[in-house]
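**Q** any chance you can model this:
(2 chains)
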Protein chains: 2
Amino acid sequence: MNKTITLNSRPVGKPQLSDFKFVDEEMPVIKEGEILLKTKFVSVDPYLRGRMSDAPSYVPPFELQKVMNSGVVAKVVESKNEKYKAGEFVTGALDWKEFQTSTGNNVLKVDAQTAPLSNYLGVLGMTGLTAYFGLTEIGKPKAGETIVVSGAAGAVGSVVGQIAKILGCRVIGIAGTDEKAALLKSEFGFDEAINYHTTKDMTKAIAEVCPNGVDIYYDNVSGAVSDSVHANINRLGRIIVCGAISAYNGTSVPQGPRVEPFLIRKSALMQGFIVSNYAEKFPEGMKHLSQWLSEGKLHAAETVVEGFENIPQAFIGLFEGRNKGKMIVKI
Amino acid sequence: MNKTITLNSRPVGKPQLSDFKFVDEEMPVIKEGEILLKTKFVSVDPYLRGRMSDAPSYVPPFELQKVMNSGVVAKVVESKNEKYKAGEFVTGALDWKEFQTSTGNNVLKVDAQTAPLSNYLGVLGMTGLTAYFGLTEIGKPKAGETIVVSGAAGAVGSVVGQIAKILGCRVIGIAGTDEKAALLKSEFGFDEAINYHTTKDMTKAIAEVCPNGVDIYYDNVSGAVSDSVHANINRLGRIIVCGAISAYNGTSVPQGPRVEPFLIRKSALMQGFIVSNYAEKFPEGMKHLSQWLSEGKLHAAETVVEGFENIPQAFIGLFEGRNKGKMIVKI
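**A** Modelled structure (predicted):
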């Protein structure tokens, strides 16, 4: 039998294990032109939380009692498609199933020689591209500018900070544990790191490590942490609104200080985005990310959870701050 | 004696007459190279409220017991500067005084033949340029797009709506009285107008008049009115944050729904600005505005209050919605 994971119920607040259901199905059989894929790595990402609700958004919601999906790296184990050979690896938005069929049109081949396969779900995948395009297209960083990154030890944040350093910025990271804050400096090369859980006056703490103010804020969290960065934003500052993990599990729209007064005072910009807005430029992004990775300038940090049965727990762990870098499930 | 108006106290909440003080001073005498100016028209603008507080902003605060200033059109009544002749008119950021001296370097000549003099404080002044550059540089309107303007019957809003119509947009205005709403359609050519004071469900009302959603929101007010427009913003929508009059008199930072979740869902942009960001392009803006005005495409609406002694009351009236179009004091 083939193991799958479906959406059992729409979460109220933080997702629970009971929102997912393990369902066995018949082992899939490929037809002419198809390939049989065995799942090797599964990406779990905060944005999936939005798809578990039925509110309208930029991607349609998951359907109840239907299989979940996300970024996956899979091995071709059988092929009736001349473009693919057994033993090759592919990546794409695939189902949470141990085995599945594909026409080959919804996946891309990836090369295990170029980089570890899991990297294609992280720094060489949507995560890396999200970091790259949000920072370069919206942030437009100039060497010498100061950037603050929230959720800095997470999948996107850790890549943002490293790219900003490559581009010559002064980089400050905000994370939720001392261990993560230490990691930001030791492993990812951030100039300064702040643990927001143990810092009483975040506005003051940011001001202290940003004596010239904040030119760019790459925001993965929203909420009170962001308020404290907004309070330090410079004239003509750019706020890249990538994620709002503090709001994803709320059961009502979170309230906070209105932003218009400071946006006017500082002629500042806030821009939301999703990575697919920049799909036409993905080759450019991949080229830079691959090059920096191969040159050792970019460190692909991953938290790897093992076992198909642990996909739901790994996903829930995102909201408990359990990942450093990209959260990946290895099957 | 020469009448002047000083800042007597910093307002707490809404400005009061007692925050201003009338002070008589000696009649000024010009030196070689100077001109003597007689104030003819004074501009009162919501942004002056910010300068009456001592919070840091993009312009320094007014000093207590020092004379106020704003946009003024004045007549040269005596000249010891070869560049100016008695009888000419000038505009600039000048003091709230009946008479004042100038070196001539802080003013520009204006031509009473080209347009009524008061227009240089409105549609041909900072107001018109604010409308033009916010709309074109941030909003980037395309023909056929839908734009909502708040504070639509005000100085900037009424010009924004007219320019958007010239550029081929569908234009919806939000104002605070039935009379203003009617004026938006009859006088300024808006397609639809909503009185937010008498509309129970603004989000629904906007949805009804914007069946294709809102592509651009030109915001002069912030607050609950803006929340209802944000709820209707389209993917890749642009929110031009020009003013936040609902917040200017608050004694604490106003709270509201956090914007990050919808900015991400819609890949939307919020950009604050002040008109001087575009100073290099002012000639381009003036060219368009003058042309549209002379072609009769742009209607320069003004609410004129008479008398130097009524400047404070005219300013306070801005926060009571007493103006349609630009609020001007004629001396």
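
**Q** give the contact list for A:Leu124.
**A** A:115, A:286, A:289-290, A:293, A:300 (CB atoms under 8 Å, 6 or more residues apart in numbering or on different chains). Bear in mind the C-beta positions are built from the backbone N, C-alpha and C, glycine included.

**Q** buried among the residues you listed? Make that a ChimeraX selection.
**A** Per 16 or more other CB atoms under 10 Å in any protein chain shown, the buried members of the contacts of A:Leu124 correspond to this ChimeraX selection:
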select /A:115,289,290,293,300
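
**Q** what's the farthest-apart pair in the contacts of A:Leu124?
**A** Checked with CB to CB, the contacts of A:Leu124 reach their widest spread between A:Met286 and A:Ala300, with 13.8 Å between them.

**Q** on that earlier part again, same list as before, the contacts of A:Leu124 that is, but in CSV and with secondary structure, distance to chain B and pLDDT included.
**A** Formatted as CSV, the contacts of A:Leu124 follow (DSSP: H, G, I helix; E, B strand; the rest coil; distance: CB to the nearest CB, whole Å; pLDDT from 0 to 100):
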residue, secondary structure, distance to chain B, pLDDT
A:Ala115, coil, 28, 91
A:Met286, helix, 21, 91
A:Leu289, helix, 22, 96
A:Ser290, helix, 26, 92
A:Leu293, helix, 27, 94
A:Ala300, coil, 25, 90
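
**Q** touching, A:Leu135 and A:Asp219? I think so.
**A** No. Counting by CB atoms under 8 Å, A:Leu135 stays clear of A:Asp219, with 11.7 Å between them.

**Q** which of these two has more neighbours?
**A** Taking other CB atoms under 10 Å in any protein chain shown, A:Leu135 and A:Asp219 do not tie; A:Asp219 has more neighbours (29 against 26).

**Q** need the phi and psi values for A:Glu25.
**A** Main-chain dihedrals, A:Glu25, degrees, to the nearest 10: phi -130, psi 170.

**Q** what is the burial count for it?
**A** Residue crowding around A:Glu25 was assessed by other CB under 10 Å; the count is 14.

**Q** beta partners of it?
**A** A:Asn2 (DSSP bridges).

**Q** pLDDT score for it?
**A** At A:Glu25 the predicted local confidence, pLDDT, stands at 97.

**Q** one more: A:Ser246?
**A** 85.

**Q** gap between it and chain B?
**A** Separation of A:Ser246 from chain B (CB to the nearest CB, to the nearest Å): 9 Å.

**Q** that residue reaches A:Asp227, doesn't it?
**A** No. Taking CB under 8 Å as the definition, A:Ser246 is not a contact partner of A:Asp227, at 10.8 Å.

**Q** okay, the two: which has more neighbours?
**A** Per other CB under 10 Å, whichever of A:Ser246 and A:Asp227 has more neighbours is A:Ser246, with 21 against 17.

**Q** around chain B, pick out the residues from the stretch 201-331 of chain A.
**A** Residues of the stretch 201-331 of chain A that fall close to chain B, judged by CB under 8 Å from any CB of the partner chain: A:219, A:222-223, A:226, A:235-236, A:241-244, A:247, A:253-274, A:277.

**Q** among these, name the buried ones.
**A** For these, buried by 16+ other CB under 10 Å: A:219, A:222-223, A:226, A:241-244, A:247, A:254, A:256-274, A:277.

**Q** among those, name the ones in helices.
**A** Applying DSSP state H to these, the entries found in helices are A:226, A:247, A:260-266.

**Q** can you give the contact residues for the lowest-mean-pLDDT helix or strand in chain A?
**A** Least confident helix or strand of chain A, by mean pLDDT, DSSP states H and E, is helix A:245-248 with a mean of 83. Helix A:245-248 is touched from outside by A:46, A:49-50, A:151, A:220-225, A:253-254, A:318-319, B:258, B:260-261, with contacts defined as CB under 8 Å, 6+ apart.

**Q** if we go to 6 Å?
**A** Identification of contacts with helix A:245-248 by CB atoms under 6 Å, 6 or more residues apart in numbering or on different chains yields A:46, A:49, A:221-223, A:254, B:261.

**Q** where do the strands of the stretch 1-150 of chain A begin and end?
**A** A:2-7, A:20-25, A:35-43, A:69-79, A:89-95, A:99-102, A:108-110, A:146-150 (DSSP state E, counting those that start in this stretch).

**Q** please identify the most buried of those.
**A** Most buried of those by mean neighbour count (mean count of other CB atoms under 10 Å in any protein chain shown) is strand A:146-150; its value is a mean of 29.

**Q** partner strands of that strand, with direction?
**A** For strand A:146-150, pairing defined by DSSP bridges yields strand A:170-175 (parallel), strand A:214-219 (parallel).

**Q** mean pLDDT added to these, as CSV?
**A** As requested, those are arranged in CSV below (pLDDT from 0 to 100):
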stretch, mean pLDDT
strand A:170-175, 98
strand A:214-219, 98
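
**Q** could I get those strands as a markdown table with distance to B:Val67?
**A** Shown next, in a markdown table, are the strands paired with strand A:146-150 (distance: least, CB to CB, whole Å):
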| stretch | distance to B:Val67 |
| --- | --- |
| strand A:170-175 | 42 |
| strand A:214-219 | 36 |
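
**Q** which pLDDT value goes with the closest residue to A:Gly176 other than its chain neighbours?
**A** Distance criterion CB to CB, 6 or more residues apart in numbering or on different chains; nearest residue to A:Gly176, sequence neighbours excluded, is A:Gly321 at 4.8 Å. A:Gly321 is assigned a predicted lDDT (pLDDT) of 87.

**Q** A:Gly321 contacts A:Ala175, doesn't it?
**A** No. A:Gly321 is beyond contact range of A:Ala175, at 8.1 Å (criterion: CB atoms under 6 Å).

**Q** just the element for A:Ala181, please.
**A** helix A:178-186 (DSSP states H and E).
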